[in-house]
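Q: got a predicted structure here, sequence first:
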Amino acid sequence: MIFGGPSPEHDISILTGLQAARALADGGSDVVALYWTKTGDWYEVSPTAEAQSFLEGPPRGSRQLSLRLGSDAGFASEGGLRRQRLELDVVVNCCHGGPGEDGTLQGVLDLAGLRYTGPTAAGAFLGMDKLAFHDLMVGAGIPTLPRLALTDESASLPFGPPFIVKPRFGGSSIGIQVVDDAGTAAALVRSQPLLRDGAVIEPYRADAVDLNVSVRTHPSLEVSAVERPLRPQGRGEGIYSYEEKYLQGAGLEGARRELPAELPAGIEGRLADAARRVAEVALVRSVARIDFLWAGDEVWVNEINTIPGAMAKYFWEQRQISFAQQLRDMVEEARQGRGRQFSVQGADGTALRSARAIADKLA
């Protein structure tokens, strides 16, 4: 069980990880809880810890770990006279945003030979890069609103205002802003730290309604009922913000929602069909949340969250699938997978034996 990480969503990841650890432990699983700090250090912590214990960093009594690659790969404690390696069956990845969800951690776990839940490295990258995900949807013929890369020199756009500006790389709604002109949008790239690594711009549809579904891939591909998030009183317009999703009331799983949403005939079926197609082309694994926009007779896929808050458990509890069962299915799927295999076929020394001196190659 990994949670935390150097991400703006560090705190939300802790909450997801502690819920998952408690659910699995209460169900009889032997849980090892691994906390990834904001500075990138690793600690083994109690799987029954409370959220407040992490306010100042690793809780008291935590054991510092290292993560090694190579012939002795894996997590291990470094205290005492000898290194003690942790024997892990499957890693449940509860990291939101940043390197825990963009393929970085997945690549490291692949190199360490550890099986894990959630997206593969490729699937994680596709989900985190909003421009790559958009272009994938276009290529697959899945309806989506126009989306372009935004730079500090962007002046003319093929669609009119208002615009919505988003970090190209990042989860949730952090850093998203609505602006009325292209000049202001371009200025944000220079002034907004969350946009400096890349930004995208698209038309803002004030008439569009947020609709979300979850998909899970084991024991078979399933699509949940459709959720319509309900805005707090006095907040009926604008984007569905990070604060509204995660910081008000009981958090995302306790937010006001209509589930299943009351929709016109045919819309739910179109959403389900689109969600299955997204899951196929975006390499979804374990559980994901897919966010749509709906206006009139039009439905567009907006974004995907490949490691959603609380693992989107409320979608599946609505289907009478407990959180513990959902997690066990994720673990079993990862256990049945063979893990990523790396090949050295062709690296037989032929190129080295036939090579001239390096100095000759540089000449």
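A: Great, that's in hand.
Q: which is the next helix or strand following the worst-scoring helix or strand of the chain on mean pLDDT?
A: Every helix and strand of the chain was ranked by mean pLDDT, DSSP states H and E. The lowest is helix 242, at a mean of 51. Beyond helix 242 in the direction of the C-terminus, DSSP states H and E gives the next helix or strand as strand 257-258.
Q: that following strand pairs with which strands, and in what direction?
A: strand 228-229 (antiparallel) (DSSP bridges).
Q: and the partner strand, what's its mean pLDDT?
A: Averaging pLDDT along strand 228-229 gives 94.
Q: give me the element V299 is part of.
A: Going by DSSP H and E, V299 is part of strand 298-305.
Q: show me what that strand is packed up against.
A: helix 130-139, helix 267-281, strand 287-295 (3 or more CB pairs under 8 Å, 6 or more residues apart in numbering; DSSP states H and E). Where C-beta positions appear, they are placed from N, C-alpha and C, glycine not excepted.
Q: please compute how far the first one lies from its chain's middle.
A: This means helix 130-139. Relative to its chain's centre, helix 130-139 lies at 16 Å (CA atoms, centre = their mean, to the nearest Å).
Q: what's the first helix or strand after that helix?
A: strand 148-150.
Q: may I have the next helix or strand after that next one exported as CSV, CA atoms only?
A: Next helix or strand after strand 148-150 toward the C-terminus (DSSP H and E): strand 163-167. Only the C-alpha atoms of strand 163-167 are listed here, as CSV (Å, rounded to 0.1, in the frame of the first residue of the first chain):
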residue,chain,number,x,y,z
PHE,A,163,-11.8,29.9,-22.4
ILE,A,164,-10.8,27.4,-19.7
VAL,A,165,-7.0,27.1,-19.0
LYS,A,166,-5.7,24.0,-17.3
PRO,A,167,-2.2,22.6,-16.4
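Q: now do the same for D207: helix, strand or coil?
A: The local conformation at D207, judged by DSSP: H, G, I helix; E, B strand; the rest coil, is coil.
Q: what degree of burial does it show, as a neighbour count?
A: 9 (other CB atoms under 10 Å).
Q: which strands and helices lie in contact with the longest helix along the chain?
A: For the chain, the helix with the greatest residue count under DSSP state H is helix 10-26. Helix 10-26 sits against strand 2-4, strand 33-36, helix 323-336, with contacts defined as 3+ CB pairs under 8 Å, 6+ apart.
Q: if you compare those, which one is most tucked away?
A: Burial of the helices and strands packed on helix 10-26 is given as mean neighbour count (mean count of other CB atoms under 10 Å); strand 2-4 ranks first at a mean of 27.
Q: pLDDT averaged over that strand, what's the number?
A: 98.
Q: ok, now stretch 125-132?
A: Stretch 125-132 comes out at a mean pLDDT of 97.
Q: number of residues surrounding S322?
A: 13.
Q: and it, how close does it get to A208?
A: As for S322, its distance to A208 is 33 Å (criterion: CB to CB, to the nearest Å).
Q: and for T217?
A: Distance from T217 to A208, by CB to CB: 28 Å.
Q: if we can go back for a sec, now for the next helix or strand after the strand holding V299, which elements pack on it?
A: The helix or strand immediately downstream of strand 298-305 is helix 313-317, counting by DSSP H and E. With contacts taken as 3+ CB pairs under 8 Å, 6+ apart, helix 313-317 sits against strand 209-216, helix 323-336.
Q: make CSV from the ones you listed and add distance to I304 to it.
A: Shown next, in CSV, are the helices and strands packed on helix 313-317 (distance: least, CB to CB, whole Å):
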stretch, distance to I304
strand 209-216, 9
helix 323-336, 17
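Q: pLDDT value on R196, please?
A: 86.
Q: the closest residue to it other than its chain neighbours sits in which helix or strand?
A: Leaving aside its sequence neighbours, R196 sits nearest to V189 (CB to CB, 6 or more residues apart in numbering; 7.1 Å). If you go by DSSP H and E, V189 is part of helix 182-191.
Q: I'd like to know which elements the following helix or strand past that helix is packed against.
A: Using DSSP H and E, the helix or strand that follows helix 182-191 towards the C-terminus is strand 199-203. In terms of contacts (3+ CB pairs under 8 Å, 6+ apart), strand 199-203 is packed against helix 130-139, strand 148-150, strand 163-167, helix 182-191.
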